[in-house]
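1. I would like the atomic coordinates for the input below:
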Amino acid sequence: MKDRAGRAALQKYVYLAANMLISVLSLLRNLFFMKTLVLTDLAQVALVQTLVMLIGFVQFGIVNGAYIQYARDDGERKRRTVDTFFTLAALLTAAAGIFVLSNGSSSFGASIPSQTITFGLFTGLATLLSTWLNNSLIADGRLPRSNLVNLMAVGLSLATGVASIRFGLTAALWSLLLQPVIAVLAIVVLDPNLRPRRPRLDAPLLRELL
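-> You can find the predicted model right below:
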């Protein structure tokens, strides 16, 4: 019993340390951008990050609601939550794609390039999904897996960011997008419980999520 409690406590400390390292690596990436990008490109990176935060604020608590529902010890509820959340994410991604393809980003004016809006939208949506999936890993007590996924994602993001030396803003924007996308793909591959199985829009569950 004591050994189990000790391992659980160690996992928590390692999880905290890993999150601190992830934050440091993200900071280093941003400092690197300050060295490699001109001021106007750096402003576009900041705008993408602002859009990501904005999307995070206007999700109406669905991420937290889905975490609460998933954390309940009920296999059927977990499955309904996973399928419903992925369906919502797919619908939002499709809507963002239609917006981009219809040249909706031009409505923001010439001062904001369309690629900035495009990367901001998709990075924000991917971040919502990766945040919920990470929360679900924590609910299942899979802290080591969460550490592995997030360290891999930020490491590959940082490596892509280095390409901004040659490719400038485009590499920087891809670096921001890849971090949540890699996290989502890795979690779905590593954890069968968090893979969507079929499209589902469960109205009663949606009310609970909200």
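2. contacts and neighbour counts: CA atoms only from here.
-> Noted.
3. Now do the helices in this structure.
-> For the chain, applying DSSP state H gives helices covering 2-36, 39-57, 62-71, 75-101, 114-139, 143-162, 164-167, 169-190, 203-209.
4. and of those helices, who's closest to residue 196?
-> helix 75-101 (5.0 Å; C-alpha to C-alpha).
5. Mind listing what's buried along the closest one?
-> When neighbours are counted by 16 or more other C-alpha atoms under 10 Å, the buried residues of helix 75-101 are found to be 78-89, 93, 96, 100.
6. by contact count, what packs against that helix?
-> helix 62-71, helix 114-139, helix 203-209 (3 or more C-alpha pairs under 8 Å, 6 or more residues apart in numbering; DSSP states H and E).
7. could you redo those helices as JSON lines and give each row distance to residue 155, mean pLDDT and mean neighbour count?
-> JSON lines is the format used below for the helices and strands packed on helix 75-101 (distance: least, C-alpha to C-alpha, whole Å; pLDDT from 0 to 100; neighbours: other C-alpha atoms under 10 Å):
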{"stretch": "helix 62-71", "distance to residue 155": "25", "mean pLDDT": "83", "mean neighbour count": "20"}
{"stretch": "helix 114-139", "distance to residue 155": "16", "mean pLDDT": "91", "mean neighbour count": "22"}
{"stretch": "helix 203-209", "distance to residue 155": "32", "mean pLDDT": "81", "mean neighbour count": "13"}
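8. out of those helices, nearest to residue 185?
-> Of those, nearest to residue 185 by C-alpha to C-alpha is helix 114-139, at 8.9 Å.
9. pLDDT weak spots in the chain?
-> Residues of the chain meeting the criterion pLDDT under 70: 1-6, 8, 73, 104-111.
10. can you put the helices of the chain in JSON lines and add distance to residue 197?
-> Output for those, formatted as JSON lines (distance: least, C-alpha to C-alpha, whole Å):
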{"stretch": "helix 2-36", "distance to residue 197": "29"}
{"stretch": "helix 39-57", "distance to residue 197": "25"}
{"stretch": "helix 62-71", "distance to residue 197": "16"}
{"stretch": "helix 75-101", "distance to residue 197": "6"}
{"stretch": "helix 114-139", "distance to residue 197": "15"}
{"stretch": "helix 143-162", "distance to residue 197": "21"}
{"stretch": "helix 164-167", "distance to residue 197": "38"}
{"stretch": "helix 169-190", "distance to residue 197": "11"}
{"stretch": "helix 203-209", "distance to residue 197": "17"}
